[in-house]
Every structure is written in structure tokens, then in C-alpha cells.
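Asks: Quick one: sequence plus predicted model below, questions after.
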Amino acid sequence: ITTVLNGTRTTVLNGSRTTVQNGSRTTVQNGSRATVQNGTRTTVLNGTRTTVLNGSRTTVQNGSRTTVQNGTRTTVLNEWLKSHSTVQNGTRTTVLNGTRTTALNGTRTTVLNGTRTTALNGSRTTALKMQ
């Protein structure tokens with residue numbers, strides 16, 4: 001174990017594990033995995049995957065896919081699908097894709113596409129079109 005002190009910066013080397021303490025910021029590097037703790041915010045970098053924990057909010061970035069978890073609400077963004085995002089909040093799921101929005105809540109599905117709204121509830125379908 002090697003400890004290096006440089007002003008407010010402390011570096012501890014222990015085999016493949018390196019810990020850097022600088023004020024309120026702590027960085028731990030272990031192989032390809034790096035963890036950064038700064039106040040209440042924790043960032044974990046592991047290959048192409050980045051996880052940020054900040055209070056009740058967790059953000060996971062993996063390639064072009066971003067998942068945000070905040071309490072019961074989960075949002076999934078996928079750049080490959082352009083403006084496509086999925087929001088899960090309890091039993092309700094909302095899918096946004098360009099001008100089209102789909103909301104699923106239990107047996108009820110609502111589709112909004114431009115000026116047209118379609119509501120499906122069990123075997124019942126209602127279509128509304130704005131004039």
C-alpha cells in the first residue's frame with residue numbers, strides 16, 4: 001500500500017485499486033471500474049456503462065440508451081430510435097416517438113398522433129380527430 005499526500009489531495013495505491021481523495025471528492029479506480037463520490041452524488045463508470053446516483057434519482061447511460069429512475073418513475077431514452085422515449089410511472093407507461101404518443105394504463109391505451117387521438121379500453125375503441 002502506497003499513500004501519496006499532495007496538498008489537499010491524497011492518493012492511495014493498493015494493488016490494482018487506486019483511491020484519490022480531494023476535498024469532498026473521492027475517486028476509486030479498480031481495473032476498468034471507476035467510482036466517483038462527490039457529496040450526495042455517486043458516479044460509476046464501467047466500460048461503456050455510466051451510472052449516476054443522486055438522492056432518489058438514478059441515471060444509467062449505456063451506449064445510446066439512457067435510463068432514468070426517480071422514485072416509481074422510470075424513463076428510457078434510446079438515441080437510435082431518434083425521439084423515442086418510454087416513461088414508466090407505477091402502472092402507467094407512456095411511449096413518445098416523434099409526433100406519436102402512446103399511453104398505457106392498466107387495460108386502457110391512448111394513442112395521440114398529430115391531431116388524432118385513439119382510446120382503447122378493453123374491447124372498446126374511441127377515435128377522436130381535432131377539427
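Replies: Received, thanks.
Asks: roughly how far apart are Asn54 and Thr43?
Replies: 9 Å (Cβ to Cβ, to the nearest Å). Glycine gets a C-beta too; all of them are placed from N, C-alpha and C.
Asks: What of Thr8?
Replies: Thr8 is 20 Å from Thr43, by Cβ to Cβ.
Asks: Please apply the same query to Arg25.
Replies: With Cβ to Cβ as the criterion, Arg25 and Thr43 are 10 Å apart.
Asks: okay, and the common contacts of these two?
Replies: Val36 (Cβ atoms under 8 Å, 6 or more residues apart in numbering).
Asks: Next, count neighbours for Gly47.
Replies: A count of nearby residues for Gly47, using other Cβ atoms under 10 Å, gives 9.
Asks: In terms of pLDDT, where does the residue nearest to it when sequence neighbours are not counted sit?
Replies: Spatial nearest neighbour of Gly47, excluding adjacent residues (Cβ to Cβ, 6 or more residues apart in numbering): Ser32 at 5.7 Å. Listed pLDDT for Ser32 reads 87.
Asks: next one: the one 5 residues further on
Replies: If you check Gln37, the pLDDT there is 92.
Asks: Disregarding flanking residues, what is the spatial nearest neighbour of it?
Replies: Closest to Gln37 by Cβ to Cβ, 6+ apart is Thr26, at 4.5 Å.
Asks: can I assume the one you found is in contact with Thr18?
Replies: No: Thr26 is beyond contact range of Thr18, at 11.3 Å (criterion: Cβ atoms under 8 Å).
Asks: Now the common contact residues for these two.
Replies: With Cβ under 8 Å, 6+ apart, Thr26 and Thr18 have no common neighbours.
Asks: Neighbour count: Thr8 and Thr43, which is higher?
Replies: When neighbours are counted by other Cβ under 10 Å, Thr8 and Thr43 differ, and Thr43 comes out ahead with 16 against 9.
Asks: Check whether the nearest residue to Val36 once chain neighbours are set aside sits in a helix, strand or coil.
Replies: Nearest residue to Val36 in three dimensions, chain neighbours excluded: Thr43, at 4.4 Å (Cβ to Cβ, 6+ apart). Secondary structure assignment for Thr43 (DSSP: H, G, I helix; E, B strand; the rest coil): strand.
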